[in-house]
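Q: sequence plus predicted model, see below.
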Amino acid sequence: MKLSHVAMAFALIVALGVLPGCASTPDDRVPTQLASTPTPSVSTPPSKDELYAQAKVVYEGINKLQLALQRAGGADELPPAFSEFVTGEVATDLTAIYRKWKADGTVSLGPEPRLMWIRPLDKTLQGSVVALGVCTDGSDTRLRQADGSVSMGRPVINYYFFKFFDGRLKAFAADFKYVDQC
C-alpha cells in the first residue's frame with residue numbers, strides 16, 4: 001500500500017466518497033458546525049464496536065465537508081471544520097485536491113455517489129486504532145471541468161485509518177482502489 005503519492009488519484013476517490021443525504025444548506029456551502037466526534041471514557045478504553053461507531057461519525061463528517069467543497073468548486077485551504085476530522089496525510093492530500101479543483105475549475109454537478117457499504121477493516125497502519133473500508137458508486141456522479149467537459153465517477157473502495165490526536169479520533173491515512181462494482 002503506497003500512501004505518499006495518492007493526492008491526485010485520491011482526488012476523485014475522496015471526492016466521490018460522499019454519503020447519501022449529506023448535503024450543504026442552500027445558504028452555507030461549507031458547513032461550520034458538525035456533530036462532535038464522540039470521545040471515549042478516560043477510565044475505560046473503547047471497545048472495537050465503539051471505535052467503529054466513532055470512525056463512522058468521523059467519515060460522515062469528512063464527506064459532508066467535502067461535498068460542500070465539491071459543489072463550491074474547491075478552495076485554497078481546507079475550512080477549519082476539517083481539523084475536527086482529519087490530520088496528517090489526509091489533511092495534506094485534501095488540501096492539495098481542493099486547491100487543484102479550484103485551479104482547474106472543477107465542480108461537482110451531482111448526484112451524490114451511492115454508499116454501497118461501510119465495514120470495519122481488520123488492518124492497522126502506523127498505530128491506527130481502527131480502520132474502515134467504504135465502497136461508494138459514483139457512476140452517476142458528474143464533474144464539470146472549466147472547459148465545460150463532464151467526467152463521470154466510478155465505483156471505488158476507500159480505506160481510512162484512524163487514531164486519536166489530542167483525545168479526538170481522526171483520519172490520518174487513506175488508500176483506495178477502483179473496482180468494477182461494490
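A: Received the coordinates, thanks.

Q: Leu115 should be in a strand, yeah?
A: Yes. Assessed with DSSP: H, G, I helix; E, B strand; the rest coil, Leu115 lies in a strand.

Q: which strand residues bridge it?
A: Thr136 (DSSP bridges).

Q: from Lys48, how far off is it?
A: From Leu115 across to Lys48, the span is 21 Å (CB to CB, to the nearest Å). C-beta here means a position set from N, CA and C on the backbone, and glycine is covered the same way.

Q: again with Thr124
A: 12 Å.

Q: ok, back up a step: neighbour-wise, which of Leu115 and Lys48 wins?
A: Between Leu115 and Lys48, counting by other CB atoms under 10 Å, Leu115 is the more crowded of the two (20 against 11).

Q: so that one touches Leu132, yeah?
A: No. Leu115 is not in contact with Leu132 according to CB atoms under 8 Å; the separation is 11.7 Å.

Q: where in the chain is pLDDT low?
A: 1-43 (pLDDT under 70).

Q: what is the burial count for the residue nearest to Thr124 when sequence neighbours are not counted?
A: Take Thr124 and drop its neighbours on the chain: the residue closest to it by CB to CB, 6 or more residues apart in numbering is Ala131, 6.9 Å away. The local packing of Ala131 (other CB under 10 Å) involves 24 other residues.

Q: could you say which helix or strand holds Ala131?
A: Element membership for Ala131, per DSSP states H and E: strand 130-137.

Q: helices or strands up against that strand?
A: helix 48-72, strand 114-121, strand 155-165 (3 or more CB pairs under 8 Å, 6 or more residues apart in numbering; DSSP states H and E).

Q: ok, and what's touching the next helix-or-strand element following that strand?
A: Sequence-wise, the next helix or strand downstream of strand 130-137 (DSSP H and E) is strand 142-144. Contacts with strand 142-144, where a contact means CB atoms under 8 Å, 6 or more residues apart in numbering, come from 12, 15, 106-110, 150-153.
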